[in-house]
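J.: Curious how this folds, go ahead:
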Amino acid sequence: MYDTYVEYSVYVPDVKFNIRLVCEIEDGMGKRRSETMQENRVKLIAAARKAFAEKGYSAASMDELTADVGLTRGALYHNFGDKRGLLAAVVDQIDMEMAARAKEIGARAGNDWQGLLAEGAAYIEMALNPEVQRIVLLDGPAVLGDPSQWPSQNSCLQVTKSTVERLIAQGILKPLDAEAAARLLSGAALNAALWIAASENPQSVLPKAVEAFRSLAAGLLLEPL
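T.: Numbers count the residues shown, from 1 in each chain. The predicted structure is shown next:
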């Protein structure tokens, strides 16, 4: 019994060390797998963005797309589920970039009211961008459904709602429900952009759309400015 006890006490530290070493190795491998997965997502989204803009969603080949970045269709399915899921990721990325750009332009305005108008007009004007037109405003709704339900659009809505709340508190806008007003404004900007994208002459439609948006927004003012 004594020999057995001594042998056991000698090897326990080694066992603990080995277990700890294995855990550290597994943690490192898990981190690397996560990094590789993220790298693959970035590659696939970039490749899909290019393919969808140049060829359109329907004509874009997933075999060609994945081969261009040295990956397989399995990587696509693992990261996005299917082609539709990849489009959703691309649309989300572009739509978030549009919102950030509009917010940046709005921030340069002199006050919240001018910023609200500038953001809406900027979003509408981005409908002239060929990539935005084809991916976000044409293929996006056709494949993914109602744009107002997209996660990226909800983020835009919350930003608009915050601006509306400030304008109501400042006594600039009528004391309306902030979410209702924000939804109407966001919907107006989105539908104006959709109209431009679907038009045979987007350049001629743009000023009409922006003017209508500004007029609609002005209807929310407590007093004319």
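
J.: can we go C-alpha only for contacts and neighbour counts from here?
T.: OK.

J.: all helices of this structure, in order?
T.: For the chain, the helices defined by DSSP state H cover 2-55, 62-68, 73-80, 83-107, 112-125, 130-131, 140-144, 151-169, 178-198, 202-218.

J.: can the ones you listed go into a markdown table with extra columns for mean pLDDT, distance to residue 225 and mean neighbour count?
T.: Formatted as a markdown table, those follow (pLDDT from 0 to 100; distance: least, CA to CA, whole Å; neighbours: other CA atoms under 10 Å):
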| stretch | mean pLDDT | distance to residue 225 | mean neighbour count |
| --- | --- | --- | --- |
| helix 2-55 | 69 | 41 | 13 |
| helix 62-68 | 92 | 52 | 17 |
| helix 73-80 | 92 | 48 | 15 |
| helix 83-107 | 94 | 18 | 19 |
| helix 112-125 | 97 | 10 | 22 |
| helix 130-131 | 96 | 35 | 16 |
| helix 140-144 | 96 | 36 | 16 |
| helix 151-169 | 92 | 13 | 18 |
| helix 178-198 | 96 | 18 | 20 |
| helix 202-218 | 98 | 9 | 16 |
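
J.: How much space separates the closest residue to residue 171 other than its chain neighbours from residue 169?
T.: Counting by CA to CA, 6 or more residues apart in numbering, residue 171 lies nearest to residue 222, which is 7.0 Å off, once chain neighbours are set aside. Going from residue 222 to residue 169 by CA to CA, to the nearest Å gives 11 Å.

J.: Residue 124 now?
T.: In terms of CA to CA, residue 124 sits 27 Å off from residue 169.

J.: rewinding a little: run through the residues that contact the residue nearest to residue 171.
T.: 171, 172, 173, 174 (CA atoms under 8 Å, 6 or more residues apart in numbering).

J.: so which of these is the most crowded?
T.: Tallying neighbours with other CA atoms under 10 Å puts residue 173 at the head of these, with 23 neighbours.

J.: count of neighbours near the residue nearest to it when sequence neighbours are not counted?
T.: Excluding the flanking residues, the one nearest residue 173 by CA to CA, 6+ apart is residue 221, at 4.3 Å. Neighbour count of residue 221, defined by other CA under 10 Å: 17.

J.: any idea how far residue 163 is from the closest residue to residue 151 other than its chain neighbours?
T.: Nearest non-adjacent residue to residue 151, counting by CA to CA, 6+ apart: residue 92, 7.5 Å away. Computed as CA to CA, the residue 92 to residue 163 distance reads 22 Å.

J.: what's the answer for residue 63, then?
T.: From residue 63 to residue 163 the distance is 45 Å (CA to CA).

J.: Next: residue 174.
T.: Applying CA to CA to residue 174 and residue 163 gives a distance of 13 Å.

J.: Report the residue ranges of every domain in the protein.
T.: Domain assignment for the chain by automatic domain parsing gives 2-80, 90-218.

J.: next one: the longest one to chain centre, how far?
T.: In other words, domain 90-218. 14 Å (CA atoms, centre = their mean, to the nearest Å).

J.: Next, the distance between the ends of it.
T.: Domain 90-218 has its terminal residues 34 Å apart, counting by CA to CA.

J.: check contacts around residue 182.
T.: Contacts of residue 182 by CA under 8 Å, 6+ apart are 157, 160, 161, 164.

J.: Nice, that's everything, thank you.
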